[in-house]
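>>> Predicted model and sequence follow; I will ask about them next.
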Amino acid sequence: MKIYLVGGAVRDSLLNIPFEEKDWVVVGSSPEELSEQGYMPVGSQFPVFLHPRTKEEYALARTERKSGRGHKGFIFYTDSSVTLEEDLIRRDITINAIAQDADGNLIDPYQGQRDINAKKIRKVSNAFKEDPLRVYRVCRFVAKLHHLGFTIEEETLNSMKEIVLSGELETLPKERIWMETIKALNCESPDKYFKTLRACGALETQMQEDSLDIESLAIIQNKTKNTEMRWAALLSNTKKIKDVNNEFFAPKSFVQISEVYKHLTLFMSDLNFNPNKILDLLQTTDAFRRPERFMIADNTFKLITSSKVEIDWSKLLSDLSTLRPSTKTKKGNEIAQDLKEKRLEVINKFVN
């Protein structure tokens, strides 16, 4: 039995990029042998085990054969006779198909080190086209490595376009697409993720109308690593914002921030600071109960725009939060109206 470090840990080590996770491939072994040594099996598709102490993933070397549509449509074969080279050739791109043995020696049968030096993202083999998820994975690696000068090799981009045309992207679970998207939003250049999705035609397949504001994302990504703010900037021009959030399976917090930001940008573009409109904005965005969410949207706006008009929303919300309606001989709608009048009075003074 031989064990090799593979994938991102090897790649990032060669690029001098910090990494946390380590993945391992086990050659010349069996599920029974790993279980006897205390490794714990996980997953159902192919034999993956957790190390009894480190809990890192150890996968038996495998080959696979396309058996259906989608990124799960494969039959896996694991046996002690499967070689390391056979396992590596089924991986997505060459820089992810480098292994390292226990002595630190690199096994690189598909010239991943060459592509690291050439700063190229290149598919390992034609098996690349069998897994539609690789479209999103490659776009994510562009977002991760673009600041180091990496670009996609043309034949690999053409293979991504072929996957899009095959219609297999439609088989991907939305949850899986979001997993790649949130990783991309955490990268140095998330705008390149969406630009590459657009270049290969994937965005057109996923969205009825490509209204993503990639330019605003490019502006804000150099100023904050907050993924909710980056996402809100990306959706700032989107009219059917709920549809886009749904297509990407965005979590609730991302949905809410993007919607509040949308309301805020529309309000600020109007430049009409009528107290009633301000009150309507704050009520529509639930700013009285969730001021922190509104302030995230405001910070996003300030990082992107160069507007000469700035509103101290924090001060205004603080002033409004102390107001209480009079309850003397008043009931129901009268109490609500009293609170509204008090709020408008404070807002009017604030605007003036």
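Yep, it's here.
>>> what's the spacing between the residue nearest to residue 150 when sequence neighbours are not counted and residue 314?
Spatial nearest neighbour of residue 150, excluding adjacent residues (Cβ to Cβ, 6 or more residues apart in numbering): residue 119 at 4.6 Å. Where C-beta positions appear, they are placed from N, C-alpha and C, glycine not excepted. Distance of residue 119 to residue 314, given as Cβ to Cβ, to the nearest Å: 44 Å.
>>> next one: residue 126
Taken as Cβ to Cβ, the span from residue 126 to residue 314 is 56 Å.
>>> The two: which is more packed in?
Per other Cβ atoms under 10 Å, whichever of residue 126 and residue 314 has more neighbours is residue 314, with 12 against 9.
>>> quick one, what contacts the more buried one?
291, 295, 298 (Cβ atoms under 8 Å, 6 or more residues apart in numbering).
>>> swap the cut-off to 7 Å and go again
Residues counted as contacts of residue 314 (Cβ atoms under 7 Å, 6 or more residues apart in numbering) are residue 295.
>>> three-state assignment of residue 229?
helix (DSSP: H, G, I helix; E, B strand; the rest coil).
>>> How many residues are close by it?
Neighbour tally, residue 229, other Cβ under 10 Å: 25.
>>> pLDDT value on it, please?
For residue 229, the pLDDT comes out at 98.
>>> Return the residues in contact with it.
Contacts of residue 229 (Cβ under 7 Å, 6+ apart): 220, 296, 299, 300.
>>> Out of these, which two sit at the greatest distance?
The two members of the contacts of residue 229 with the most space between them (Cβ to Cβ) are 220 and 296, at 12.0 Å.
>>> Neighbours of residue 143, how many?
Counted with other Cβ under 10 Å, residue 143 comes out at 26.
>>> Could you give the backbone dihedrals for it?
Dihedral pair for residue 143: phi -60, psi -40, per degrees, to the nearest 10.
>>> Excluding sequence neighbours, find me the nearest residue to residue 34.
In space, residue 34 is closest to residue 49, 4.9 Å off (Cβ to Cβ, 6+ apart).
>>> Would you mind giving the secondary structure of that neighbour?
strand.
>>> wait, doesn't it sit right on residue 38?
No. In this structure, residue 49 is not within contact of residue 38 by Cβ atoms under 7 Å, at 9.3 Å.
>>> Have a look at these two and say which one is more surrounded.
Shown here are residue 49 and residue 38; by other Cβ under 10 Å, residue 49 has more neighbours (23 against 11).
>>> beta partners of that one?
residue 41, residue 58 (DSSP bridges).
>>> and it, how far is that from residue 55?
From residue 49 to residue 55 the distance is 10 Å (Cβ to Cβ).
>>> what's the answer for residue 2, then?
Distance from residue 2 to residue 55, by Cβ to Cβ: 21 Å.
>>> Could you give the average pLDDT over the helix or strand encompassing residue 196?
Residue 196 is part of helix 190-200 when elements are defined by DSSP states H and E. Averaging pLDDT along helix 190-200 yields 97.
>>> what does stretch 260-268 give?
pLDDT averaged over stretch 260-268 gives 94.
>>> Contacts for it, please.
232, 235-236, 241, 277, 281, 284-285, 293-294, 297-298, 300-301, 307.
>>> at 8 Å what do you get?
232-233, 235-236, 238, 241, 277-278, 281, 284-285, 287, 293-294, 296-298, 300-301, 305, 307, 309.
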